[in-house]
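> Any chance you could fold what I've pasted below:
(one chain, ligands or ions: 1)
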Amino acid sequence: MSLRVAILISGSGSNMVALAQSMQGDHPARPCLVLSNDPAATGLSKARAMGIPAAAVDHRPFGRDRAAFEDALMRPLLEAQPDIVALAGFMRVLTPEFVARFEGRMLNIHPSLLPKYKGLNTHARAIAAGDSEAGCTVHEVTAALDDGPILGQARVPVLPDDTPDTLAARVLPMEHRLYPAVLRRVAMGARGILTLR
Ligand code: GRF
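Take a look at the predicted model:
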């Protein structure tokens, strides 16, 4: 019986596509749902084209009532009965109560070498700091933002003439390699940190 993986997105879903494409053959997991906070997320149509159930719960009508939005988001998520929840370009901060429902089985990919540069604008911050390396991190999601146990990292060089966009373009393909590799390890019950260069 395959493990069921729900993937949460907010936009293009390129990481979702990489994850979904990796869950084939002898992979112990399969995608069971792609869920977005934005009904216009282009990743939703990509999921449907791959035969994956896709749904959206628009966060905007809920305004600042984060708990009400999460109650609405939790409904289709629980209906899909996921064993693992993968945040993939999901841009809403989740409350500790929501995260606690998936303690130990919720993953996220963040475009920096955590613990450096939690939050937004990671590539601009790495360039401004004069870092020679940048990259991405897959971590377990905990109540604190971008702070959970690190499960994998991928490193890329920062070049002298890099802009945030050129650095992002170098990191993104590494995300698409790292996240599927870490998901497979987690689904197989492996432990330890995966490092890609
Ligand atoms: C990626 O850089 C990811 O690290 C960040 O969101 C960006 C877009 O991801 N969390 P995707 O193309 O929507 O998967």
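> Quick check: Thr166 touching Leu159?
Yes - using C-beta atoms under 8 Å, Thr166 is in contact with Leu159, at 7.5 Å. Heads up, the C-betas are built off the backbone N, CA and C, glycines and all.
> Regarding the residue in the chain that the ligand sits nearest to, what is its secondary structure?
Per C-beta to the nearest ligand atom, Gly89 is where the chain lies closest to the ligand, at 2.5 Å. Three-state assignment for Gly89 (DSSP: H, G, I helix; E, B strand; the rest coil): coil.
> tell me the contacts of it?
9-16, 43, 109 (C-beta atoms under 8 Å, 6 or more residues apart in numbering).
> likewise Val5?
Val5 neighbours (C-beta under 8 Å, 6+ apart): 19, 23, 29-32, 82-86, 183, 187.
> Now with 10 Å, please.
Val5 makes contacts with 19-20, 23, 27, 29-34, 52, 80, 82-86, 105, 107, 183, 186-187, as judged by C-beta atoms under 10 Å, 6 or more residues apart in numbering.
> do the same with Gln24
By C-beta under 10 Å, 6+ apart, the neighbours of Gln24 are Arg30.
> I believe it is in a strand; please confirm or correct that.
No - counting by three-state DSSP, Gln24 is located in no strand; its state is coil.
> which residues do Thr166 and Leu159 both contact?
Ile127.
> And the helices in this protein?
14-22, 42-49, 66-79, 96-100, 122-128, 164-187 (DSSP state H).
> Just the mean pLDDT for the shortest one, thanks.
When you say that, I think you mean helix 96-100. Average pLDDT, helix 96-100: 96.
> Alongside the ligand, which residues does the protein contribute?
Residues of the chain lying close to the ligand (C-beta under 6 Å from any ligand atom) are 9, 11-16, 88-89, 109, 111, 136, 172, 175.
> In a markdown table, list those along with pLDDT.
What follows is the residues of the chain next to the ligand, written out as a markdown table (pLDDT from 0 to 100):
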| residue | pLDDT |
| --- | --- |
| Ile9 | 98 |
| Gly11 | 97 |
| Ser12 | 97 |
| Gly13 | 97 |
| Ser14 | 98 |
| Asn15 | 98 |
| Met16 | 98 |
| Ala88 | 98 |
| Gly89 | 97 |
| Ile109 | 98 |
| Pro111 | 98 |
| Cys136 | 98 |
| Leu172 | 98 |
| Glu175 | 98 |
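> need the residues you listed in JSON lines with distance to Gly192, can you?
Below are the residues of the chain next to the ligand laid out as JSON lines (distance: C-beta to C-beta, whole Å):
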{"residue": "Ile9", "distance to Gly192": "27"}
{"residue": "Gly11", "distance to Gly192": "31"}
{"residue": "Ser12", "distance to Gly192": "30"}
{"residue": "Gly13", "distance to Gly192": "28"}
{"residue": "Ser14", "distance to Gly192": "26"}
{"residue": "Asn15", "distance to Gly192": "22"}
{"residue": "Met16", "distance to Gly192": "25"}
{"residue": "Ala88", "distance to Gly192": "22"}
{"residue": "Gly89", "distance to Gly192": "25"}
{"residue": "Ile109", "distance to Gly192": "18"}
{"residue": "Pro111", "distance to Gly192": "22"}
{"residue": "Cys136", "distance to Gly192": "18"}
{"residue": "Leu172", "distance to Gly192": "25"}
{"residue": "Glu175", "distance to Gly192": "20"}
